[in-house]
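[1] Pasting the sequence and the predicted model now:
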Amino acid sequence: MSETSASIGPVGRVPDLPAARASAIPEPHRWLILGTVGLAQLMVVLDATIVSIALPSAQRALGFTTVDRQWVVTAYALAFGSLLLFGGRLGDLIGRKVTFLTGALGFAAASAVGGAATSFGMLVAARAAQGAFGALLAPAALSILSTTFSDPAERGKAFGVYGAIVGAGGAIGLVLGGILTEYLSWRWCLYVNLIFAGLAVTGAVLLLKQQKRARTLTRLDLPGVVLVSASMFCLVYGFSNAATHNWRTPSTYGFLAAGVALLAAFAFWQFRAASPLLPPRVVADRNRGGAYLAVLIAGAGIFGIFLFLTYYMQQTLHYSPVVTGVAFLPMIAMVVVSANLSNVVLLPRLGPKPLVTAGMLLAAGGLVWLTRIGVHSSYASAVLGPLMVVGLGFGFTVAPSMNTGTFGVPSQDAGVASATLNTGQQIGGSIGTSLLNTIFAGAVAGYLTGHLSSATRAGGHPAPSLAAMSLIHGYTTGFWVAAAIFGAGAVICGALFRSGPLRAPAPAAASSAGAAVQQAKAPVLHA
């Protein structure tokens, strides 16, 4: 049932039963609602890359070290990844409009503090607050979209737009971050969120209505919240630590081991809890499980593009931040095209299995193509074509997965299902950053060791040509590994997804009603 149409219908109805009937009365402002949640999601997605572009300038302004610089990114990732499932369930319980507004206003306030930061500690604290409010905002935005669009044709169009935002948001952040940093100030990479948040809040106040809640006692799964939040914190911190140190550091493998153990305990508890934070029925469906895994794998693999191509264009091709950002525009265009083509035209006919499989294979092929870059390559000959192929693949992977991951979910679970998708993307990004950074550093060091000789030394250091070649070797090695990640993802997700189109909403609604009856003894608040 739509967040905005919750008040439509006879008083006293069973909350989950009218899902099929509600689809016959579409929300009149649903496309404006799409714009509202799209702006909010864009703000959250681009924030990681837009701040990364601003970091060197912020470092000079505030005087913190290169070692400390990682915490500006890590603080956001830790808070965001740790609290996503809690934020998603909170939206289901207290209302998605309230959660959305709280997240957007809090994100804006934290961004204002970060933009006005006068010290390193103030900036890191603001970034952590951004992550915490983002964990409220992102699941609420996706669950509002999922419950607003129930007609299959319109749902495909809506998720095509939303998937394009998710897929292209990181690249948009590179473009916008470069422009703001070069022509205004690094502080505007944070202040710009006030504009996005202001528009999103205005739209939410005018367009959304608070969902109806059943007048029953509410129990939040507090043990589940503690277990999953601690698990996500340990995993994100462990992977982030590996990216800046190494895998043999106790603070890396210790946190990773603790994260896995806590995650296992959380999964065990969810089968025993009266009102589980993440009901097993949400992830037990093969299509939804495949969608969550696809988003995680795509999040890990795509960092091979953003990370290494940004380095290559700035360090080897000597592009400015603005030109580097603009160079990603063809990728953004292809993500938009493939996201809409896959969701609007192909997903209703084929289902997610062939689309996600083909998307990952396209991304893998584009990354293999990128291994041909060299010290003297040009953008047109070595980067443009592969970038467009990867954009096509990413759109075919992420957009159908976002749609599938929330399809047929009971209304009272829409928030936590949306949060699971965001969590997969966040954890995937952390894995990709740490794994590919480590492999890149090892490849560069190995190349230098294998080729360094007295003939290539210049003042006790590697000759410039050797240093440049070692970086190229590191980039191409990273591209090969990222391609392998996508290739493995194509095989795994291809085996996991069911063949054929997604089931019609009516059976999903019936299943939702049945789930509500089965859970009558475990009172929750329904949308």
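    That came through fine. Numbers count the residues shown, from 1 in each chain.
[2] Listing request: residues of the chain with sub-threshold pLDDT.
    Where the chain drops to pLDDT under 70, the residues are 1-26, 66-67, 210-218, 243-244, 304, 453-464, 504-527.
[3] Please enumerate the helices of the stretch 401-527 of the chain.
    Per DSSP state H, counting those that start in this stretch, the stretch 401-527 of the chain carries helices over the ranges 414-451, 464-496, 505-518.
[4] what would these look like in JSON lines with mean neighbour count and distance to Gly87?
    (C-beta placed from N, C-alpha, C; glycine too.) JSON lines is the format used below for the helices of the stretch 401-527 of the chain (neighbours: other C-beta atoms under 10 Å; distance: least, C-beta to C-beta, whole Å):
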{"stretch": "helix 414-451", "mean neighbour count": "22", "distance to Gly87": "6"}
{"stretch": "helix 464-496", "mean neighbour count": "20", "distance to Gly87": "26"}
{"stretch": "helix 505-518", "mean neighbour count": "16", "distance to Gly87": "22"}
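[5] among the ones you listed, which is nearest Thr397?
    helix 464-496 (8.0 Å; C-beta to C-beta).
[6] Of all the helices of the stretch 401-527 of the chain, which one comes closest to Met331?
    Of all the helices of the stretch 401-527 of the chain, helix 464-496 comes closest under C-beta to C-beta, at 14.2 Å.
[7] for the closest one, packing partners?
    In terms of contacts (3 or more C-beta pairs under 8 Å, 6 or more residues apart in numbering; DSSP states H and E), helix 464-496 is packed against helix 286-301, helix 303-311, helix 352-370, helix 414-451.
[8] try 10 Å
    helix 286-301, helix 303-311, helix 352-370, helix 384-406, helix 414-451, strand 457-458, strand 461-462 (3 or more C-beta pairs under 10 Å, 6 or more residues apart in numbering; DSSP states H and E).
[9] Between these, which one is closest to Gly134.
    helix 414-451 (8.9 Å).
[10] so how far is that closest one off the chain centroid?
    13 Å (C-alpha atoms, centre = their mean, to the nearest Å).
[11] just the angle between it and helix 464-496, please?
    140 degrees (axes from the mean of the first three to the mean of the last three C-alpha atoms, to 10 degrees).
[12] Now tabulate the helices and strands packed on helix 464-496 in TSV and tack on distance to Val98.
    TSV is the format used below for those (distance: least, C-beta to C-beta, whole Å):
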stretch	distance to Val98
helix 286-301	26
helix 303-311	34
helix 352-370	32
helix 384-406	20
helix 414-451	12
strand 457-458	62
strand 461-462	58
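[13] Of all the ones you listed, which one is nearest Cys234?
    helix 414-451 (11.2 Å).
[14] could you check the angle helix 303-311 makes with that closest one?
    Computed by the same axes, to 10 degrees, the angle between helix 414-451 and helix 303-311 is 50 degrees.
[15] returning to what we had before: any chance of CSV for the helices of the stretch 401-527 of the chain, columns distance to Gly160?
    Below are those laid out as CSV (distance: least, C-beta to C-beta, whole Å):
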stretch, distance to Gly160
helix 414-451, 16
helix 464-496, 19
helix 505-518, 18
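[16] Which one of those lies nearest to Leu387?
    When those are ranked by proximity to Leu387 (C-beta to C-beta), helix 464-496 comes first, at 11.8 Å.
[17] ok, Phe440 - contacts?
    304, 307-308, 311, 471, 473-479, 481 (C-beta atoms under 10 Å, 6 or more residues apart in numbering).
[18] quick one on the thing from earlier: out of the helices and strands packed on helix 464-496, nearest to Glu182?
    helix 303-311 (14.9 Å).
[19] one step back: which among the helices and strands packed on helix 464-496 is found nearest to Ser251?
    helix 414-451 (12.6 Å).
[20] from what I can see Ala441 touches Asn246, true?
    Yes - contact between Ala441 and Asn246 holds when scored by C-beta atoms under 10 Å: they sit 8.6 Å apart.
[21] pretty sure Leu293 contacts Thr423?
    No - taking contacts as C-beta under 10 Å, Leu293 lies outside contact range of Thr423: 11.9 Å.
[22] Now stretch 369-379: buried residues?
    Neighbour-count burial for stretch 369-379 flags 369-371, 373 (criterion: 16 or more other C-beta atoms under 10 Å).
[23] got it, and stretch 260-277?
    For stretch 260-277, a neighbour-count test (16+ other C-beta under 10 Å) marks 262-263, 265-267, 269-270, 273, 275-277 as buried.
[24] Helices - which of those land there?
    262-263, 265-267, 269-270 (DSSP state H).
[25] Just send the residues you listed back as TSV, with distance to Ser251 too.
    As requested, those are exported to TSV (distance: C-beta to C-beta, whole Å):
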residue	distance to Ser251
Leu262	16
Leu263	18
Ala265	21
Phe266	22
Ala267	25
Trp269	26
Gln270	28
